[in-house]
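>>> Following is a predicted model, sequence given first.
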Amino acid sequence: MELSFSGEIWQWRGPAPHHFVSVPEAECEEIADAAALVTYGWGMIPARITLGATTWDTSLWPKDGGYIVPIKLAVRRAEEVDVGDVVSLRLAIGE
């Protein structure tokens, strides 16, 4: 399954701060339909993510009935993006 969407980068300031983009509701519904086939536990969904010219493997995290995409520091630096920037992401799930 492949999905594309845009979203704003936000920071979670917990004990281990990290940056994320929230998956829009419509795409979350599509992911939820496939989740049982690809999850490896705790609701985590393995995915290959592309932002600009950077592609990496990660997992979508479940949050508040939807999913969020972690955006690594190396990706933010390579693509020169940060909190508040709206980015376009391409997700390949289950590959």
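Everything's here; your move.
>>> any idea which helix or strand comes after the longest helix along the chain?
Ranked by residue count and defined by DSSP state H, the top helix of the chain is helix 25-38. Moving toward the C-terminus from helix 25-38, the next helix or strand (DSSP states H and E) is strand 45-51.
>>> Let's see the helix or strand that comes right after that next one as PDB, backbone CA atoms only.
Downstream of strand 45-51, the first helix or strand assigned by DSSP H and E is strand 54-63. C-alpha atoms of strand 54-63 as PDB (Å, rounded to 0.1, in the frame of the first residue of the first chain):
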ATOM      1  CA  THR A  54      15.300  11.200   1.600                       C
ATOM      2  CA  THR A  55      13.900   7.800   2.100                       C
ATOM      3  CA  TRP A  56      14.100   5.800   5.300                       C
ATOM      4  CA  ASP A  57      12.600   2.800   7.100                       C
ATOM      5  CA  THR A  58      10.700   3.400  10.300                       C
ATOM      6  CA  SER A  59       7.300   2.600  11.900                       C
ATOM      7  CA  LEU A  60       4.100   4.500  12.200                       C
ATOM      8  CA  TRP A  61       3.200   5.000  15.800                       C
ATOM      9  CA  PRO A  62      -0.400   4.700  17.000                       C
ATOM     10  CA  LYS A  63      -1.700   7.900  18.700                       C
END
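>>> Strand 54-63 pairs with which strands?
Sheet pairing here is set by DSSP bridges, and for strand 54-63 it gives strand 45-51 (antiparallel), strand 66-70 (antiparallel).
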